[in-house]
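[1] Fold the stuff below for me.
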Amino acid sequence: MKIALTTIGCKLNQSEIQDLKKDLQDAGYIIVNKNQMHDLHIVNACSITHGAEQITRQKIREVKRLNPHSQIFVMGYLNKSIPEINKVFKNKEGVLKYIKNRYKNQGPIPNSKFPIPKTRALIKIQDGCNFDCSYCIIKKFRGHSKSIPSDKIITQIKQAEKQDVKEIVLVGVNILLYKFGKTDFPALVKMILNETKIPRIRFSSLDPRLVNLTFLNLLKNKRICPHLHLSLQSGSNRILKLMNRQYTAQKYLQIVKATRKINPLTSITTDIIVGFPGETEKDFQDTLKFVKKIDFLKIHIFPYSARGLRCEQEEVEEKIKKKRFNKLNKIAEGQKKKFLKKMKGKIMPVLFEQKETGYAPNYILVKKKTKENLANKIINIRI
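    Numbers count the residues shown, from 1 in each chain. Model prediction:
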């Protein structure tokens with residue numbers, strides 16, 4: 001049986017589709033490119049925003065046009081189904097169990113072991129969330145926080161090491177909620193540092209509610225990449241309260257200052273929602289003023305989209321959302337340039353993902369003109 005895979009969305013979704021690919025190959029199924037003929041196409045969906053759900057639907061329809069006789073299974077969550085979909089499964093385990101029961105194979109194909117991608121590997125450590133942000137539907141389809149056993153995580157990282165992977169990214173819905181037995185997130189990271197030799201460890205999205213001194217002390221280790229994706233959502237304390245984020249802009253700023261006290265070149269990336277219900281012009285101006293205090297490397301801006309959740313505040317007009325998006329985006333570009341100027345003349349260890357391009361530890365994209373193929377090498381480069 002030939003199966004094609006497509007994923008939409010964040011690093012967590014990418015990690016899940018990698019894991020599913022390995023499990024399917026180990027079970028004897030043949031994984032092919034979406035442009036090749038196949039019997040089944042599995043799409044890992046994303047519906048976190050209205051835009052992400054639209055992209056998911058577009059991808060599904062594109063898949064059906066390319067291979068009209070293929071069945072389409074969706075893994076994840078969609079607010080509304082579409083005719084092209086044959087079945088929907090909540091998670092990887094559900095789709096894998098169904099395929100194994102419904103479509104029998106002769107067993108593992110010799111030498112079909114799934115190769116971990118070189119340079120960087122995504123390691124899923126956690127799923128779900130225990131918080132109730134008023135704009136978010138993640139808990140609706142991923143449930144409360146669940147953590148992967150620490151010994152399984154260590155095994156995956158050691159497998160990546162054997163395949164010469166230089167960097168791992170710890171991914172999940174809310175990785176700072178990690179808790180397996182007596183092992184919390186800082187303890188897990190210390191295990192990884194002690195029991196593996198992977199040169200670089202990077203974290204996916206972080207929740208300001210859960211950042212404390214114990215976590216910040218981890219950043220002193222040179223193997224931890226000085227790049228935090230610290231989700232802000234708004235620079236207005238009034239809007240943060242309406243969002244049920246349980247922190248203030250001032251606390252966020254304290255975290256950034258503490259982080260850059262450890263390493264001044266730590267890059268901060270973030271998410272911000274514009275046009276949240278009830279957001280006034282003053283609230284938006286508070287966000288703009290706050291953003292200018294941080295020197296963000298990148299801001300992912302999302303116009304608010306209703307996801308079927310109740311909200312007692314008045315909706316912001318679409319034209320106002322668009323105007324605010326453009327204003328914030330302009331400031332974000334200036335922030336990026338300001339931060340990048342700090343890098344000039346600095347010597348940084350760059351992990352090259354391709355022949356001439358790679359990333360510094362703080363996620364700055366670097367290009368070096370050379371005749372040598374630098375892929376999967378870490379080289380000190382003067383920026």
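[2] what does the helix or strand containing K97 contact?
    Assigned by DSSP states H and E, K97 belongs to helix 92-102. Contact with helix 92-102 is made by 3, 16, 19-20, 23-24, 27, 29, 40, 42, 73, 75, 87, 89, as judged by Cβ atoms under 8 Å, 6 or more residues apart in numbering. Heads up, the C-betas are built off the backbone N, CA and C, glycines and all.
[3] For those, which two are the farthest from each other?
    D19 and K87 (19.3 Å; Cβ to Cβ).
[4] re the thing from before, just checking, which of the contacts of helix 92-102 belong to strands?
    Within these, residues falling in strands by DSSP state E are 3, 40, 42, 73, 75, 87, 89.
[5] which among those gets closest to I320?
    Nearest member of the ones in strands among the contacts of helix 92-102 to I320, counting by Cβ to Cβ, is M75, at 35.9 Å.
[6] Which residues lie in contact with the closest one in this structure?
    Contacts of M75 (Cβ under 8 Å, 6+ apart): 16, 20, 42-45, 88-92, 94-95.
[7] among these, which ones are buried?
    With burial judged by 16 or more other Cβ atoms under 10 Å, the buried subset of these is 16, 20, 42-45, 88-89, 91-92, 95.
[8] would you list those residues in JSON lines and tack on pLDDT and distance to D151?
    Converted to JSON lines, the buried ones among the contacts of M75 look like this (pLDDT from 0 to 100; distance: Cβ to Cβ, whole Å):
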{"residue": "E16", "pLDDT": "87", "distance to D151": "20"}
{"residue": "L20", "pLDDT": "89", "distance to D151": "21"}
{"residue": "I42", "pLDDT": "92", "distance to D151": "28"}
{"residue": "V43", "pLDDT": "90", "distance to D151": "31"}
{"residue": "N44", "pLDDT": "89", "distance to D151": "26"}
{"residue": "A45", "pLDDT": "84", "distance to D151": "30"}
{"residue": "V88", "pLDDT": "87", "distance to D151": "32"}
{"residue": "F89", "pLDDT": "88", "distance to D151": "27"}
{"residue": "N91", "pLDDT": "83", "distance to D151": "21"}
{"residue": "K92", "pLDDT": "84", "distance to D151": "20"}
{"residue": "V95", "pLDDT": "89", "distance to D151": "25"}
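[9] how about those in JSON lines, adding distance to E333?
    JSON lines is the format used below for these (distance: Cβ to Cβ, whole Å):
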{"residue": "E16", "distance to E333": "32"}
{"residue": "L20", "distance to E333": "37"}
{"residue": "I42", "distance to E333": "37"}
{"residue": "V43", "distance to E333": "33"}
{"residue": "N44", "distance to E333": "31"}
{"residue": "A45", "distance to E333": "31"}
{"residue": "V88", "distance to E333": "39"}
{"residue": "F89", "distance to E333": "40"}
{"residue": "N91", "distance to E333": "38"}
{"residue": "K92", "distance to E333": "38"}
{"residue": "V95", "distance to E333": "40"}
